[in-house]
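A.B. asks: no sequence for this one, just the structure:
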């Protein structure tokens, strides 16, 4: 079966998928936007798991990802992917964003998960231009899926209408059918 990408608009914390990706900050200790929403919905077990990761390895730099249990979320795990702060494009932001998506996919595969839900990493407080970030996300995931087929369902979960339309347009161009 060919892996499939879909776009959904809504609350990523309510999805019953194997893995939810958190657009985390380097501290892994929660923040605003989707990071804060995931931490609130998951409960204190997620923060405790993130604190353990920090004790073992320190902060998680941009482009990297770590995996934890999902706490109270309907998912089996949370992958915390740290995207770059947008600084105008001259500080390797595109490569770091690609790395964040790729590393999240590799962690999902390494843990034998088949479904994953991504938020629009780095497009909130980190200021990455939404259109450019969406293109990187879709292209990176699509490229990954051409080489590895364990992941059967990939969702791009968008918070607003503008981002949803961007992803729908990109998935249509890729030949995947966007969900409504």
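C.D. replies: Nice, thanks for sending it over. The structure displayed is predicted, hence computed values, not measured ones.

A.B. asks: and residue 81, bridged to which residues?
C.D. replies: Beta bridges link residue 81 to residue 23, residue 65, judged by DSSP bridges.

A.B. asks: could you report the distance from it to residue 51?
C.D. replies: Distance of residue 81 to residue 51, given as C-beta to C-beta, to the nearest Å: 18 Å. Glycine gets a C-beta too; all of them are placed from N, C-alpha and C.

A.B. asks: and residue 113, that's in a helix?
C.D. replies: No - secondary structure of residue 113 (DSSP: H, G, I helix; E, B strand; the rest coil): coil, not part of a helix.

A.B. asks: circling back to that earlier point, neighbour-wise, which of residue 81 and residue 51 wins?
C.D. replies: residue 81 (29 against 14; other C-beta atoms under 10 Å).

A.B. asks: return the residues in contact with the more buried one.
C.D. replies: Counting by C-beta atoms under 8 Å, 6 or more residues apart in numbering, residue 81 touches 21, 22, 23, 24, 64, 65, 100, 101, 103, 104, 121.

A.B. asks: how about a cut-off of 10 Å?
C.D. replies: Contacts for residue 81 (C-beta atoms under 10 Å, 6 or more residues apart in numbering) come out as 21-24, 60, 62-67, 97, 99-105, 107, 118-119, 121-122.

A.B. asks: so who does residue 139 touch?
C.D. replies: 98, 101, 170, 174 are the contacts of residue 139 under C-beta under 10 Å, 6+ apart.

A.B. asks: narrow these to just the buried residues.
C.D. replies: By neighbour count, with 16 or more other C-beta atoms under 10 Å, the contacts of residue 139 hold 98, 101, 170 as buried.

A.B. asks: find the nearest non-adjacent residue to the first one, please.
C.D. replies: The one in question is residue 98. Nearest residue to residue 98, sequence neighbours excluded (C-beta to C-beta, 6 or more residues apart in numbering): residue 140, at 4.9 Å.

A.B. asks: among the contacts of residue 81, which lie within strands?
C.D. replies: Judged by DSSP state E, these include 21, 22, 23, 24, 65, 66, 67, 118 as members of strands.

A.B. asks: among those, which one has the most neighbours?
C.D. replies: residue 22 (34 neighbours).

A.B. asks: identify the residues contacting that one.
C.D. replies: Shown in contact with residue 22 (C-beta under 10 Å, 6+ apart): 12-13, 28, 30-31, 34-39, 42, 46, 50, 65-66, 68, 70, 73, 78-82, 104, 118-119, 121.

A.B. asks: how much space between it and residue 169?
C.D. replies: From residue 22 over to residue 169 the distance is 25 Å, taken as C-beta to C-beta.

A.B. asks: got it, and residue 66?
C.D. replies: Noted for residue 66: a distance of 31 Å to residue 169, by C-beta to C-beta.
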